[in-house]
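1. With the input below, show me the fold.
(chains A and B, ligands or ions: 1)
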Amino acid sequence: MDSTCEGHSSGPDDVTSSTTDDDSVTEKKNPPLAFTEKRIDITQDFLAAASELELGELVMGENFTLHEAMSAIELMDPKMDGGCFRLRVHPTVEDVVAQGWLRGMPDDEVLATVDATFACLVSWMEGAFIAQTLHTNLLMTDPDVLSAACECQPEKEEKDRVAGRTMTALSHGLAHMAILVRHAIGSASVCEEEDFAMQFPVRVSSSLTFDETLDLIKAAEKTLITVGKQLDIAPIIQSNNDRVPVLNAVVDRLAWLRAALEAMQHMIIPRHNMYSKDDDGEPINFRPRLRQAAERLSTAVECATRFHDTVEMGKMAPVGQDGDFGWLTCFIPDLNRRYLPPAFPRKSEFLTRRHGLKQLEKFTRRLYDVATNVPHIVHDLSLIIQYLRSFCELESCALSRSVLQLVLLPNDERVLGETHLMDILKDTIKMQTGAPLMYPGSPSNKSEVVQELFDEFASDAVRVYLCLIQAFGHNSGRQRDKIGIIFDDFANLQLEAERVDQEATIVTGLYAQAHGGDTKGPPIGTHLASFMNIQSLRLIHWYFELGFRLELFAECEYASVWWYMREIVSKWTFSWVDNATKFIYAEYQSDLMKYQKENPKAVKTRTSKLIKMDEKFKKKLANLKNLYTQGEEVVYTGMHMFCVGLQASGKMRIPELLPGQSEKMRYDHRMASLQPFAHPYYVPFPNYKASSGIDVMVLQGATKCFNDAASCFKSAKDALSLHTGDARCLAQARIAGQNSIVCKILASGARPDAKVEFDFSDKGFPFAPTLKLT
Amino acid sequence: MSIGVAKTKTAVEESSWAHDHHTLSDDAPPVASGDQRGNIRIVPYKDETQIGDVMRLITKDLSEPYSIYTYRYFIHNWPQFCLLAQDSVTEQYVGVIVCKMERTPAVNKMRGYIAMLAVDEAYRKLGIGTKLVHRTIELMVNEQCDEVALETEVSNVNAQRLYLNLGFVKEKRLFRYYLNGVDAFRLKLYFSPPSHGIEAQEWAAQEVS
Ligand SMILES: CC(C)(COP(=O)(O)OP(=O)(O)OC[C@H]1O[C@@H](n2cnc3c(N)ncnc32)[C@H](O)[C@@H]1OP(=O)(O)O)[C@@H](O)C(=O)NCCC(=O)NCCS
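-> Residues are numbered from 1 along each chain as shown, chains lettered A, B, ... in the order given. Predicted coordinates for the structure are as follows:
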């Protein structure tokens, strides 16, 4: 970014920007309201009309909605009306510098101020208003004025420059950061107002270029290091010794800021790229520079790791609570009150320094994770989805999810700005099922009809996957809603895939008939359908996993959810993966035969080509195995049985406000988003009742259910314990073991009054809670 | 408590407001020890003379109060869906429910919406809350209601238990719904089956608004 940076308020719908225009942040510049109509006094008419109203009667215009009702404030009610407190006159940045606040600022206050500012930055990144957080530090509101003021009052001695240099660097750096952050979140468009507040009520700008800002921060770091060295050499007074670690801690913060800025610049498409075109009129393609980003982020992580242990070196808050940081010289909590709507809650929740810095460290690690891991997953669509899923599990924030989106698809449909998603899709299909229609020279590869159908499928799939990838950028609540809608597209893709398979089978069959059974490649089958079904089932799996993670299911729904997970998701995934495995074997056999035919001598000696073939085959098998989680089916069965047992024993009530209807209604709505899949993935309520046999099980009694559940958990435990090298499996085995004991206790009737608790606190196993008796 | 002051979106369901359900205001609660408590009767909202009591009961559980227009918006438009619980001995109002019901244009469903529910602390765990909700739902069903919705803070387990016991389900989780940064659950009780693609339509409609 070479131009100076500037951010403007986000547009006409921006409630807090009414006092702002491009050049000014003061109310004075607002044009005076123009009254062109003649005004008349309606007081008497109003009072007369009001006297006809009943007490409490409300006269409403058509457009008076709940929104208006709730936004209305009762004037002079101190809990509602922000305007009933007098606005104080606050010092300006110039005042602060002229009065020597910075010169006299002790190092521990410098550190505390930087940390508090970082905490505010995080509060802002997590959804609070910038005017109530970052910009309550007066010095952050206008970097240019701060620079100018510091230049007017040059400090003679290096040691007096610490605060001025630090704050100036911080101010310019964070202005660039704020604009970068808002640009990233705005461009990725995966956030809504609850995730992030886009408004800049006060203009955010720095007249320094990005590189100049980095230099400024570096120079500040140098100053601090020099001062530290001088103190180290000449510890005239004992207290100087204590200053050095504090200064080093500030240097760490500045170094973090510089590294993080640079890294983000490597990862995020620049603003000017988005609108400019090259000489041929093509949009300029941006490629994230992940290697460079990773280098800078490794430095940033290193700095951030030290935040935790040094935060206490900063000035202590007077009553031990950070609060709104009003106890720090540069912080003025209600500095920007006049830019906030009158009914706005006057207190914003502030993160403490400790908490804010911890979040900042986590954020830095997440970006590092993106920069280092994304290059390894971008060749395979399943891995991309898998990565997006795991990223959600990492308590990702709006900004890191946005950055991930921009890294994956910075300009258009090219992943990392390089490989077209279409090519990745095709590679993934080859990897997962080895579709013969992509096999050069095969009858279906040569068939125009098949290829046309396939192209149509592939371009539809690319469109759907673009939506899906974007859905993963949203917070998990909204993500689940969006996935529920994308199911419709997945169901369509499945149908399209089946059509391609059918046509390919016909074409290949005809060819084989005419050529004595030769299919010119691996035998044809439901390759694309297998691919699409596995993809759909993985997505359904995630949809339910999100349901558990978001704590959406009520206990009375558990039995049906776990039944569905076992009977539909697990069993069908297993079956389609098994199918795909057979295709991969067949492909390998066919390749081998072809190779042996062409190289009769190579059979005995293992040529490098053969070794490569073997490796590829093994890799494909391992990849398929990853799509199916071992042992989960038995665990689900156990959970299902257990819940039925609870129902049979009366420990779990099924609410029936409308007898005979309520449960069905709940089920129908819960499963509604699966309807597009139709049979077999959408199971209507009567079919669920019939095939689960749940009513019969309830009649057979709780003891049998608990005993059956106990043996399911026992066998899950035994099977999972065999994976001695896999910590995840072993942890799951432990849970299964404990659950089996709980089931046994209940079956024995030893604790008839015990209450059952489903403990989902182990986030690693959202589907497999630990059962507890209380 | 369900509704919140809207920030910029217009729909109720989209609105947000900072409240902390467990923060009690300084207002003195009506004192009633076990033996002073009389029978509780559920009475319909009569007129503006009760609005002070409605506001007193609700405001206690809010950190930031609703303006009087918010109460009037609901009560004036849907007085039939505002019920109060009254102690027959002290004549004090000890519980209240405030709702609305209208057809949602996007999906053409008659949707009841529970905006506010509160029971005086001294009268909790007696089934009053459940009774207020149950009675209101009956009234709504009589008027061909398709579903009843509400929002509640994820941490408000008391309210959730009450609603789940009645057969509500947590349809979705709304990220940082309240301005105090807390997530909400949207709870729903259904009286008619989903129409195909309804969720998608509704979602699209929300996107537009
Ligand atoms: C939520 C609230 C309205 C519940 O009111 P309530 O009158 O206490 O509710 P109920 O008595 O109907 O039910 C609550 C629990 O008490 C139990 N209960 C009912 N009668 C009981 C009795 N005689 N003895 C013991 N427990 C009883 C109910 O079963 C239920 O709990 P459970 O799951 O353990 O069975 C009340 O706690 C409140 O005002 N909270 C603050 C405001 C609020 O959060 N509103 C909801 C906004 S969405």
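
2. Can you name the residue of chain A nearest to the ligand?
-> Residue of chain A nearest the ligand, by CB to the nearest ligand atom: residue A:653 (9.5 Å). C-beta: built from backbone N, CA, C; applies to glycine.

3. any idea how far residue A:216 is from that residue?
-> 66 Å (CB to CB, to the nearest Å).

4. and the residue of chain A closest to the ligand, helix, strand or coil?
-> What DSSP: H, G, I helix; E, B strand; the rest coil gives for residue A:653 is coil.

5. hang on, the earlier thing: which one of residue A:653 and residue A:216 has more residues nearby?
-> Counted by other CB atoms under 10 Å in any protein chain shown, residue A:653 and residue A:216 do not tie: residue A:216 has more neighbours, with 23 against 13.

6. quick one: what helix or strand has the closest residue to the more buried one other than its chain neighbours in it?
-> Leaving aside its chain neighbours, residue A:216 sits nearest to residue A:169 (5.1 Å; criterion: CB to CB, 6 or more residues apart in numbering or on different chains). Secondary structure assignment for residue A:169, by DSSP states H and E: helix A:162-188.

7. mind listing the helices for chain B?
-> Secondary structure of chain B (DSSP state H): helices at B:51-59, B:68-77, B:128-142, B:157-165, B:198-208.

8. Point out the one among those helices that comes closest to residue B:191.
-> Residue B:191 sits nearest to helix B:128-142 of all the helices of chain B, at 6.1 Å, using CB to CB.

9. Run a quick neighbour tally on residue 62.
-> I went with chain A, as the question did not name one. A count of nearby residues for residue A:62, using other CB under 10 Å, gives 5.

10. Correction: the question concerned chain B.
-> A count of nearby residues for residue B:62, using other CB under 10 Å, gives 21.

11. got it, and residue A:484?
-> The burial count for residue A:484: 20, using other CB under 10 Å.

12. part of a helix, is it?
-> Yes - using three-state DSSP, the assignment for residue A:484 is a helix.

13. That one against residue A:673, yeah?
-> Yes - with contact defined as CB atoms under 8 Å, residue A:484 reaches residue A:673; the gap is 3.5 Å.

14. near chain B at all, stretch A:72-91?
-> Yes - Stretch A:72-91 reaches chain B (CB under 8 Å from any CB of the partner chain) through A:72, A:73, A:74, A:77, A:79, A:80.

15. Flag every buried residue along that stretch.
-> Neighbour-count burial for stretch A:72-91 flags A:72, A:73, A:80, A:82 (criterion: 16 or more other CB atoms under 10 Å in any protein chain shown).

16. okay but the second one is in contact with residue B:67, surely?
-> Looking back up the chat, that one is residue A:73. Yes - under the criterion of CB under 8 Å, residue A:73 makes contact with residue B:67 at 5.8 Å.

17. Kindly report the residues of chain B close to the ligand.
-> B:1-2, B:21, B:61, B:117-119, B:124-130, B:150, B:152, B:156, B:158-159, B:161-162, B:165 (CB under 6 Å from any ligand atom).

18. quick one on the thing from earlier: what is in contact with residue A:73 and residue B:67 at once?
-> Contact with both residue A:73 and residue B:67 is made by residues residue A:80, according to CB atoms under 8 Å, 6 or more residues apart in numbering or on different chains.
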